[in-house]
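> Just a sequence and a predicted model for now, questions to come.
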Amino acid sequence: MLRVLAVDDEKPLLEELLYLLRSDPRVRSAEGASDATEALRRVTRALESGPDGADGIDVVFLDIHMAGLTGLDIARLLAGFARPPLLVFVTAHEGFAVQAFDLKAVDYVLKPVRPERLAEAVRRACEQLGRSEEGPAAAVAAADAPPAGTPAGPAPRRPAAEVTVTVADRTPDQIAVELGGVTRFVAIADISYVEAQGDYARLHTDEGSHLVRIPVSTLEERWAARGFVRIHRRHLVALARIDELRLEAGTTSVRVGAAELQVSRRHARELRDLLMRQATG
């Protein structure tokens, strides 16, 4: 299983990448670094501890465009080490593929990152390290694998957690998410709750999640009439999707499907009143 370091200076995109990597059963651990300095410090510590050390890193998933040193600069520095970790570039720009493979990158994945495309990058890293494929992700990767050594290209879409960086409304009942040049329309009624991630928002449905470039405060205003209520600075919840309200030791939380979400004190009383009114019709 792989020990992974993901590097991206855009926090929401880093969190999304880590979310997808940690969902892959072939990844033992995935940590993040938000700038080149932190990334080099972690890799240096990993190299000093040795391949079997507690701080070991097998693969670095590396953004190219970052403040200060670029991902290509980091790759060139790592190339000077005797046994550097493998590199997978994750970028929104196609034009650096030749340089990336000149630096002996294992793969070159384009943003927005598709889960099946990332699974293929993990498969290639496992193959190069001589690690066995483990878990259901191996079958997905094998089915979608393009020829080894080629830059990332379009892959078949699958119903899974998705990434997007734009958002628009098609009708009042849907929200459009763009995925690799393909626009998919998600019914607002299918969204259980929304999680704030900086200037982005993650929309959670029963089938997965979608990252959109829009603040939760905007969705709160837009979807108030649809029964979405703010329960915390980080969460906006569909009132009809709340299964339980819990009061324990002075704290309030709600259960929405498998998720348990904290309710802030400023929103707790209003939420209780809304749920009571809903229960009594």
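Okay, I see it.
> can you pull out the strands in the stretch 151-281 of the chain?
162-163, 167-168, 174-179, 182-187, 191-197, 200-205, 209-212, 228-232, 235-238, 244-248, 251-256, 259-263 (DSSP state E, counting those that start in this stretch).
> wait, what's in contact with residue 173?
Neighbouring residues of residue 173 by C-beta atoms under 8 Å, 6 or more residues apart in numbering: 187, 188, 189. Glycine gets a C-beta too; all of them are placed from N, C-alpha and C.
> nope, residue 226 is what I was after
188, 238.
> mind redoing it with 6 Å?
Taking C-beta atoms under 6 Å, 6 or more residues apart in numbering, we find residue 226 in contact with residue 188.
> Over to residue 271?
Applying C-beta under 6 Å, 6+ apart, the residues near residue 271 are 231, 263.
> From here on, call the first residue 3.
Sure, I'll start numbering at 3, so the last one becomes residue 273.
> Distance of it relative to residue 196?
Distance, residue 273 to residue 196, by C-beta to C-beta, to the nearest Å: 15 Å.
> hmm, back to that, distance to residue 20 and mean pLDDT added to the strands of the stretch 153-283 of the chain, as CSV?
Converted to CSV, the strands of the stretch 153-283 of the chain look like this (distance: least, C-beta to C-beta, whole Å; pLDDT from 0 to 100):
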stretch, distance to residue 20, mean pLDDT
strand 164-165, 12, 41
strand 169-170, 22, 42
strand 176-181, 19, 74
strand 184-189, 23, 78
strand 193-199, 12, 91
strand 202-207, 13, 86
strand 211-214, 12, 78
strand 230-234, 22, 95
strand 237-240, 19, 96
strand 246-250, 28, 90
strand 253-258, 22, 93
strand 261-265, 18, 94
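> quick one, which of those is packed in tightest?
Across the strands of the stretch 153-283 of the chain, averaging neighbours per residue (mean count of other C-beta atoms under 10 Å) puts strand 164-165 on top, at a mean of 26.
> Just say helix, strand or coil for residue 20.
Secondary structure, DSSP: H, G, I helix; E, B strand; the rest coil: residue 20 is helix.
> one step back: reformat the contacts of residue 175 as CSV; add distance to residue 58.
CSV is the format used below for these (distance: C-beta to C-beta, whole Å):
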residue, distance to residue 58
189, 44
190, 44
191, 46
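> now the helices: where do they sit in this protein?
With DSSP state H as the criterion, the chain has helices at 13-24, 38-51, 73-80, 99-104, 117-131, 139-146, 218-225, 267-281.
> what angle do the first one and helix 117-131 make?
Spelled out, that is helix 13-24. 60 degrees (axes from the mean of the first three to the mean of the last three C-alpha atoms, to 10 degrees).
> For helix 13-24, buried residues please.
By neighbour count on 16 or more other C-beta atoms under 10 Å, the buried set for helix 13-24 is 14, 15, 16, 17, 18, 19, 20, 21, 22, 23.
> Give me the pLDDT for the second one.
I take that to be residue 15. At residue 15, the predicted lDDT confidence score is 89.
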